[in-house]
Structure formats: structure tokens, C-alpha cells
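no FASTA, just this:
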């Protein structure tokens, strides 16, 4: 069974940093592109970033470029999102998601999400 | 970015009925549209991608159609487990963008 379990969320002050992790199991992690998708309270889904199988290619939405870094450790089957210079508008649930084989922009498995609140 | 407009935002129906949810892209996305289901306490679920390709495990009562800018998700013979939120998402180009969602409620 495919499992994606996020951790590392919490309450953080504006301007500070937070690092999310996503532990993957039930599939060969290194064979799949991965992504982070967020959902602000009472709002819809918003793609944040994606990373290729080997980590050599990364993609970001404009609002997080230069502040967030997506990375992965294939030996540990873990995906990361380093979030720096956090803003109140980054408050959201962050989902780890797996990309569908053959499509780097479709998400075929999702975690339950990690809540991030940016507030003083 | 490609803007995705979903309609209706809310929909009420009864088990056994059929419903349709529409999604319109601000420019042509060819066939590259996905549909997801979101339910409280459950992981989001991919239903359909590339406009009409059912993801493994998606019941056949779900179908997707459309190309270019206009797409439709149809659910026939609604089951109790079908009620929830539905999102469309274009996967033609970066950044992938989602519609605002359609809440399918029990009438």
C-alpha cells in the first residue's frame, strides 16, 4: 500500500523557517517524481513545487521561488520542503504527493497533510 | 498561469442520480485535465487524468470528457461515498493549476 506521511508542521513566526518531511513507503520512491501541494484554510488546492526522480530538476510556483526548496533523499525514501522567510499567506495544510508515472504534473497519491501556521 | 473555472461551486443530489461538474480553462490545455476527489479525513484521490482516462481503481460510473478549454466530469448513479469536494486541475503546463472546487452534497 502506498503511504505518504508528512511531518514537521506547526506554528512559526513570520520571517522564520520550517522544514517539512514526507516519509514514503509501499513503492519504489526513487522511480517517481514528487510534489508539494498546499491548501489554505477554507480555500482550494495550490501546487507548490515538484522534483524529478533524481532530484536534478525542480519546479516552483512563483510566490515561493527563492524562499522554498524542495529536495529528496532516495536512500531514506523521504521528500522535504525547506520553507524560509515564511509569510502569513503561507499558512496552509501542505500535502506531499506522488507524480503519476509518465506525467510530471498529475498527482496519483497524496499524504494526509501537515498544517503550517505562520503567525506572530 | 492558466486559470481554471469550475462550476457549479455547490451541487446537491440524491443517490442514484447523475451529476455533471464543469471546468473551463483560460486557454487551451489540449486534453490535459485531471479530476480529484477530496473528503475529510481521507487522502485526496485522483479520479481521471488526460481528460478521460480513468485512474486505476476509479469506478466506471465516473467519466470525463472535453478538450481545449471545456471539460466535464460526470458521475452516473451516485453512490453515498461520492459526496465530497471535487477539483479539476490542468496538467498541460507549469504551474499546474486547480479549479476552486465543487462541493457535492446530499440532497
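Looks like it came in fine. It should be emphasised that the depicted structure is a prediction, and the values quoted were computed from it without experimental measurement. Numbering: from 1, shown residues only, chains lettered A, B, ... in the order given.

please make it C-alpha for all contacts and neighbour counts, starting now.
OK.

what about the closest residue to residue A:6 other than its chain neighbours, how many neighbours?
Leaving aside its chain neighbours, residue A:6 sits nearest to residue A:22 (4.2 Å; criterion: Cα to Cα, 6 or more residues apart in numbering or on different chains). Here the number of neighbours of residue A:22 (other Cα atoms under 10 Å in any protein chain shown) works out to 24.

for chain A, see how far away the spatially most central residue of chain B is.
Nearest to the mean C-alpha position of chain B, by Cα atoms, centre = their mean, lies residue B:35 at 3.7 Å. Distance of residue B:35 to chain A, computed by Cα to the nearest Cα, to the nearest Å: 10 Å.

run a quick check on that residue versus residue B:49, I expect a contact.
Yes. Under the contact definition of Cα atoms under 8 Å, residue B:35 touches residue B:49, with a separation of 6.5 Å.

so which bits of chain A are right by chain B?
By Cα under 8 Å from any Cα of the partner chain, the residues of chain A that approach chain B are A:43-47, A:60-61, A:105-112.

of these, buried ones?
In these, burial by neighbour count holds for A:44-47, A:60-61, A:105-112, counting by 16 or more other Cα atoms under 10 Å in any protein chain shown.

mind putting those into TSV with secondary structure and pLDDT?
Shown next, in TSV, are these (DSSP: H, G, I helix; E, B strand; the rest coil; pLDDT from 0 to 100):
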residue	secondary structure	pLDDT
A:44	coil	95
A:45	strand	97
A:46	strand	98
A:47	strand	98
A:60	strand	98
A:61	coil	97
A:105	coil	95
A:106	coil	97
A:107	strand	98
A:108	strand	97
A:109	strand	98
A:110	strand	98
A:111	coil	98
A:112	coil	97
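
and chain B, which residues reach chain A?
So chain B meets chain A at B:34, B:41-46, B:49, B:91-101 (Cα under 8 Å from any Cα).

these in strands, which ones?
B:34, B:45, B:46, B:49, B:97, B:98 (DSSP state E).

residues contacting the third one?
Contact analysis of residue B:46 by Cα atoms under 8 Å, 6 or more residues apart in numbering or on different chains lists A:107, A:108, A:109, B:34, B:35, B:36, B:37, B:55.

repeat for the last one
When the contact criterion is Cα under 8 Å, 6+ apart, the partners of residue B:98 are A:44, A:45, A:46, B:3, B:4, B:87, B:88, B:89, B:90.

now for the helix or strand encompassing residue B:104, which elements pack on it?
Element membership for residue B:104, per DSSP states H and E: strand B:102-106. Applying 3 or more Cα pairs under 8 Å, 6 or more residues apart in numbering or on different chains; DSSP states H and E, we find strand B:102-106 packed against strand B:10-13, strand B:84-90.
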